[in-house]
Each structure stands twice: as C-alpha cells, then as structure tokens.
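Engineer: Here you go, sequence then predicted model.
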Amino acid sequence: MQALILVGGKGTRLRPLTSLLPKPIVTLVDRPFLTYQLEWVKAHGIDEVILSCGFLPDQLEAVLGDGSALGLTLTYVVEPEPLGTGGALKYAEPHLQDRFFMLNGDTLTDMDLSAQLAQHLRTGARGTLALHPVDDVSSYGLVPLYPDGSVREFLEKPGPDDAVSTNLINAGAYVFEKEILDDLPACGSHFSIERDVFPRLVGNGLYGYEASGYWMDIGTPKRYLEGTFDILNANVATAIGRRLAAHGGCLTEGATVEGRVVRPAIVGAGSHIGPEAIVGGLAVLGENCRIGAGSHITDSVLHDGVRIGARTRINGSILAADVTVGDNCLISRGAVIGAGVQIGDDNEIVNGMRIFPGTEIPAGAIRFSS
Ligand code: GDD
Ligand code: MG
C-alpha cells in the first residue's frame, strides 16, 4: 500500500525553527519529525511513501534518504511551485496506485490507519477522512457526519459566524480511490483539497472515520512543545517513549551529569550538566549541550550543541541548535530561539518572543523587570 505525504508547506507558524530547515526535518525529541510518521505508516503495512515536496527538498532528501533505513521506499515529487494541497495530489498522479493513503505531513499521531482502511473497504467509499475530536475547531476542517458515516459537510477553518455542529475535525489522513483524481482541475493548477475538492465530494462517496488514539498537528511552537511532552509522558505511542519508560523516565546515556536530571527527561550524548544544575522534569536536550552551574531547565527543548551559562533559568521554551546563552538569564513562557543565536549575560527573553538566526544580543540588553 502507498502513502502520499504532503510536506510542501513553508512551516511559517513554526519559525524560527523552520527558518533554515523544512518542518519535516525539525527535530522532535530525538529524530526528524517526519520519521515518526514514517514509522507509524510502516506499522500499518505501508511500504511505499511518496513525499510531495516544495520548500528545500534537497535538505529533506539528505536527511531521509531513500527510506531503506526504515524499510520503506521513499520517492520525492517536487512541485515547480507550491500547488496547494489539491494541486499537490494531482501533480503526484503518475506515481499513484488505484487506492492509496494521503497524509498531511505535520501530524503526530498513533491513529489506526488499518481500521480506517477496513472501514473504507466496508462502505465502498471513494474517499475516507480520519476525524478527531478537538475543543477549538477554528484552525481545522470541520466534518459533521450523517449517522451512516457519510460526510454531511466539509467546512475548512470555520469562522465565528459558521454553525459548529460537531467537534470532529479533519485529521489530515485520507484513503482515496484514484478515480477521484479524474474530476480535479488540470495538473499544474493551484487548488486546495479542503476548500475546492472535499465540498464537491460530499454526497459522492465521501465518508468519515472516527479515529481513536492520539492526534496533534505540531505546526505551532505551543503544539510542538505539547507534542514533545506527550511523547515524554507516553501519551502517544512512539519508540522513544517506550525506551524512555523502560529507563524509568530518564535517558542520559553518554552524558555527564554533575547536577540533577528530573524525570521525564532526555539528555543527549556528549552533553554536560554542571554542578547544581537541574534539568527536567519535562526537558529534552540534544547532543553536545552544556548547562552551566546552578542553571535550571524545565518544560523546554534544547536542540544539539546548545550552551547555557551559569544560574540561567529556562522554562516553557524552545532553543534551536547551537544557541548560546550567558549567565543569569531568564528564557521563559514560550520563547523560541533560532539556530545559532547568541544571547549575552543578564537578558530576559519571555512571552513568546521569537528570535531569528543570525541575532546576537549583548549582555543586559533585554529586561522585563528592574
Ligand atoms: N506539496 C505541498 N504543496 N504540500 C503542501 C502545500 C503545497 O502547496 N501546502 C501545504 N502543504 C502541506 C503542509 O506541509 C502540511 O503537511 C499539509 O499540507 C497541510 O497544510 P497546513 O498548512 O499544515 O494546513 P493546516 O494545518 O492549516 O490545515 C490542514 O490540516 C488540518 C489538520 O492538521 C487541513 O487539512 C485541515 O482541514 C486539517 O484539519
Ligand atoms: Mg498543519
């Protein structure tokens, strides 16, 4: 069975993590994000994946290769320009078999694709959309169903004036019969599968599959952190989550810990935690990080090569690779620091501030309190 995975979005909402890297290869806990998806589809018998790419495909290919490490065949289809989610499907047509999965490339999930396919076959659908309940439907596609499971309406990003009759949203995992491509606009056109195709398929063999299990679109810093913590807390089934649980909630192999690591936490090889420093609970440090004496890192993610001075506090924040932070700093409440940024001593970076690659902040330059 095949899966077409859409990875052509620019990932703007995750900047600066996606300023230099495409979203699918931004590290989530210990591996490129897309690897979770590849492991998930593989577990459901999919052995051929077509990656529909736009932005920076060379980097993607350099990291993910031909898929053989994961027991998959990976094919890269690169659009000359972004064609939208529908245009990307039509563009991939020559590679597609008669029945295939299509997946958004930015969701972390352990939904049961095999059960979705079984339902698709049982109902004789032309398209079956996996659905997941959420509290706030406004940033998703809303999908009310009839009692027989057929789709009543598809409403992308409902506004305040739209009637919201369900909490089921489009989870970005579809099974399609290839014949639906016959009615799409011509190859090379730009169009949206959510706005231009699904509404027209309503009443024409479009069904919803109410998935159980974990599901999260990790496309914003807040949800990236939530997804990370859900992996650490084993709320979603992942290989690294299982390894962490088997090690009592702390993985520190190859790291030197003078201070303390509080579970759940992962500290990468070659990292050093200085005296009286505390890392965790809920912290991920990549490889070769250094945490200075008396510093405290909690609810945060530090990618490879991050260096933190002494007596600095970091919570609820994301620091990309090779960031350096001086002594006596506070980085707090949703700050996102881009790769290689240098922050001098005595700075406070708080409240969702995003600092882009190439920035150097001198000592004492930013403070929120006296
Ligand atoms: N190849 C290609 N070309 N891929 C694209 C393009 C494009 O022009 N535009 C977006 N994508 C990819 C993105 O990389 C992502 O994996 C997927 O398509 C969905 O795009 P997003 O930009 O992340 O959409 P969204 O999150 O606002 O909404 C979509 O996902 C929701 C679930 O997370 C919709 O499908 C909603 O209906 C759905 O609820
Ligand atoms: Mg998304």
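Structural biologist: Received it, and whenever you're ready, just let me know what you need. Numbers count the residues shown, from 1 in each chain. Ligands and ions are numbered 1, 2, ... in the order given.

Engineer: Enumerate the residues of this structure near ligand 2.
Structural biologist: Within the chain, the positions adjacent to ligand 2 are 106, 217, 219 by CB under 5 Å from the ion. Any C-beta I mention is one placed from the backbone N, CA and C, and that applies to glycine too.

Engineer: tell me what the host helix or strand of residue 35 is packed against?
Structural biologist: Secondary structure from DSSP states H and E places residue 35 in helix 33-43. Secondary structure elements in contact with helix 33-43, counted by 3 or more CB pairs under 8 Å, 6 or more residues apart in numbering; DSSP states H and E, are strand 2-6, helix 57-64, strand 99-104, strand 107-109.

Engineer: moving C-terminal of the second one, what's the next helix or strand?
Structural biologist: Translated: helix 57-64. Next helix or strand after helix 57-64 toward the C-terminus (DSSP H and E): strand 73-78.

Engineer: For ligand 2, what is the nearest residue in the stretch 51-200 of the chain?
Structural biologist: Distances between the stretch 51-200 of the chain and ligand 2 by CB to the ion are smallest at residue 106, namely 4.4 Å.

Engineer: What about that residue, how many residues nearby?
Structural biologist: Other residues near residue 106 number 25, with proximity taken as other CB atoms under 10 Å.

Engineer: go on, residue 227?
Structural biologist: 24.

Engineer: residues in contact with the worst-scoring helix or strand of the chain on mean pLDDT?
Structural biologist: Among the helices and strands of the chain, helix 57-64 carries the lowest confidence by mean pLDDT, DSSP states H and E, at a mean of 86. The set of residues external to helix 57-64 that reach it, using CB atoms under 8 Å, 6 or more residues apart in numbering, is 7, 21-22, 24-25, 32, 34-35, 38, 51, 53, 74, 76, 78.

Engineer: Over to stretch 149-166?
Structural biologist: Counting contacts by CB under 8 Å, 6+ apart, the residues outside stretch 149-166 that touch it are 119, 123, 129, 137-146, 170, 192, 194-195, 198-199, 201-203, 206-209.

Engineer: which of these count as buried?
Structural biologist: When burial is judged by neighbour count using 16 or more other CB atoms under 10 Å, the buried members of these are 119, 129, 137, 140-145, 170, 194-195, 198, 201, 206-209.

Engineer: among these, which are in helices?
Structural biologist: Using DSSP state H, 119, 198, 201 are the members of these that sit in helices.

Engineer: circling back: in the helix holding residue 35, what's buried?
Structural biologist: For helix 33-43, a neighbour-count test (16+ other CB under 10 Å) marks 33, 34, 35, 36, 37, 38, 40, 41, 42 as buried.

Engineer: Identify the residue spatially nearest to the second one, adjacent ones excluded.
Structural biologist: So that's residue 34. On the basis of CB to CB, 6 or more residues apart in numbering, the spatially nearest residue to residue 34 that is not a chain neighbour turns out to be residue 24, at 3.7 Å.

Engineer: Run through the residues of the chain next to ligand 2 and flag the ones next to ligand 1.
Structural biologist: The residues of the residues of the chain next to ligand 2 that also fall near ligand 1, by CB under 6 Å from any ligand atom, are 106, 217, 219.

Engineer: which residues does residue 2 bridge with?
Structural biologist: residue 48, residue 100 (DSSP bridges).

Engineer: hmm, the least confident helix or strand of the chain in reach of ligand 1?
Structural biologist: No: contact check for helix 57-64 against ligand 1, using CB under 6 Å from any ligand atom: none in range, with a minimum separation of 9.8 Å.

Engineer: Between strand 73-78 and that helix, find me the angle.
Structural biologist: On the basis of axes from the mean of the first three to the mean of the last three CA atoms, to 10 degrees, helix 57-64 is oriented at 170 degrees to strand 73-78.

Engineer: Ligand 2 versus residue 337, what's the distance?
Structural biologist: Residue 337 sits 23 Å away from ligand 2, taking CB to the ion, to the nearest Å as the criterion.

Engineer: how many other residues sit next to that residue?
Structural biologist: For residue 337, the neighbour count with other CB under 10 Å is 30.

Engineer: cool, and the one 10 residues further on?
Structural biologist: By other CB under 10 Å, the residues close to residue 347 number 21.

Engineer: What lies in contact with stretch 114-122?
Structural biologist: Among residues not part of stretch 114-122, those counted as contacts by CB under 8 Å, 6+ apart are 1, 44-45, 101, 125, 128, 130, 149, 173, 175, 207, 209, 211.

Engineer: Surely residue 117 is in a helix?
Structural biologist: Yes: using DSSP: H, G, I helix; E, B strand; the rest coil, the assignment for residue 117 is a helix.

Engineer: Next one: it from residue 211, what distance?
Structural biologist: Counting by CB to CB, to the nearest Å, the gap between residue 117 and residue 211 amounts to 12 Å.

Engineer: So which of those two has more stuff around it?
Structural biologist: Neighbours were tallied for residue 117 and for residue 211 using other CB under 10 Å; the higher tally belongs to residue 211 (22 against 19).

Engineer: tell me the centre residue of the chain?
Structural biologist: Residue closest to the mean C-alpha point of the chain, counted by CA atoms, centre = their mean, is residue 218 at 3.7 Å.

Engineer: How about it: what's its closest non-neighbour residue?
Structural biologist: If the residues on either side of it in the chain are set aside, residue 218 comes closest to residue 227, at 4.5 Å by CB to CB, 6+ apart.
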